[in-house]
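Novice: Need a 3D model of the following:
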Amino acid sequence: MATKVSLWDAMALRRSRYALVPQSPTSDERIIKIVQHAVTQCPSPFNVQSARAIILLRGEHEKFWTLAEDSAVKTWPLPAYQALKSKLAEYKSGYGTVLWFEDQDSISAVEKQLGPARWDLVKEKMPQWSEHSSGMHQYAVWTALSAEGFGCNLQHYNPIVDEGVREQWKVPSSWALKAQLVFGKPVGPPREKTVIPPEDRVFIYKS
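Specialist: Residues are numbered from 1 along each chain as shown. Here you go, the predicted model:
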């Protein structure tokens, strides 16, 4: 499907879709290729390439959301858990999840690359730039999966799942979990989206 969808149209296809079933409109190999393409093509500060991803499919995806529910039971106040329990079940009903990380060791290595003088100018900005890069990776994969016919939604159950994720999938201690991109076959149409007119948000000056 993606070969027939322009980037322009794919941007419009990318929506938050929560009603999902554990089916896939494409092959697992295609999903893997999409994530691999994103981590090789998306920008990062000083080309640090600090993005890391773990792709969880089918049973491993379910295992993650069981872990998330168990972590929520142990961590959240009971009213909060009861309010969000159905959402956790919703995410679990998908086909897969991409766990997105930023490797802190790679980010720290920029100091050696730049030297002390330049590092002093940017060191306070690096965490923010790392977050920017991670967001671009997440958006690229979300958009590409949407073009393949998936429905996706982006979640942030870190830090309550961090310890369990490290133990379950042998994640290096330097990897900081940033987000979880859930995907599956969408059921029904997307929710209505309200849009602030671009004229109220984009301003042009020419000379």
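Novice: Hmm, Trp142 and Ile34 touching each other?
Specialist: No - Ile34 is not in contact with Trp142 according to Cβ atoms under 8 Å; the separation is 10.0 Å. Every residue, glycine included, has its C-beta placed from N, CA and C.
Novice: where in the chain is pLDDT low?
Specialist: Applying pLDDT under 70 to the predicted model, the residue ranges of the chain that meet it are 1-3.
Novice: what are the phi and psi angles of Trp100?
Specialist: Here is the backbone geometry of Trp100 (degrees, to the nearest 10): phi -110, psi 130.
Novice: Counting neighbours, what do you get for it?
Specialist: 27 (other Cβ atoms under 10 Å).
Novice: so it sits right up against Lys178, yeah?
Specialist: Yes - in this structure, Trp100 is within contact of Lys178 by Cβ under 8 Å, at 4.9 Å.
Novice: Can you pull the residues that touch both of these two?
Specialist: Ser134, Gln138 (Cβ atoms under 8 Å, 6 or more residues apart in numbering).
Novice: State the distance from Gly59 to Met126.
Specialist: Taking Cβ to Cβ, to the nearest Å as the measure, Gly59 falls 37 Å from Met126.
Novice: So between these two, which is more surrounded?
Specialist: Between Gly59 and Met126, Met126 has the larger neighbour count (other Cβ under 10 Å), namely 19 against 9.
Novice: ok, now which ones touch that one?
Specialist: If you count contacts by Cβ under 8 Å, 6+ apart, then Met126 has Pro45, Ile107, Val110 around it.
Novice: tell me which of those is nearest to Trp119?
Specialist: Set against Trp119, the nearest of these by Cβ to Cβ is Val110 (7.1 Å).
Novice: That closest one: neighbour count?
Specialist: Neighbour tally, Val110, other Cβ under 10 Å: 21.
Novice: When Ile34 and Trp142 are compared, which one has more neighbours?
Specialist: Trp142 (25 against 22).
Novice: C-terminal to the strand or helix carrying that one, what's the next element?
Specialist: Trp142 belongs to helix 126-147 when assigned by DSSP states H and E. Note on helix 126-147: by DSSP H and E, the next helix or strand toward the C-terminus is strand 151-155.
Novice: Now find how far off-centre the helix or strand just after that following strand is within its chain.
Specialist: Under the assignment DSSP H and E, the closest C-terminal helix or strand after strand 151-155 is helix 162-169. Offset of helix 162-169 from its chain centre (Cα atoms, centre = their mean, to the nearest Å): 17 Å.
Novice: how far is the next helix-or-strand element following helix 162-169 from where the chain is centred?
Specialist: Sequence order places strand 175-186 as the next helix or strand after helix 162-169, per DSSP H and E. How far strand 175-186 lies from its chain's middle: 4 Å, per Cα atoms, centre = their mean.
Novice: now for strand 175-186, which elements pack on it?
Specialist: In terms of contacts (3 or more Cβ pairs under 8 Å, 6 or more residues apart in numbering; DSSP states H and E), strand 175-186 is packed against strand 20-21, strand 96-103, helix 126-147, strand 151-155.
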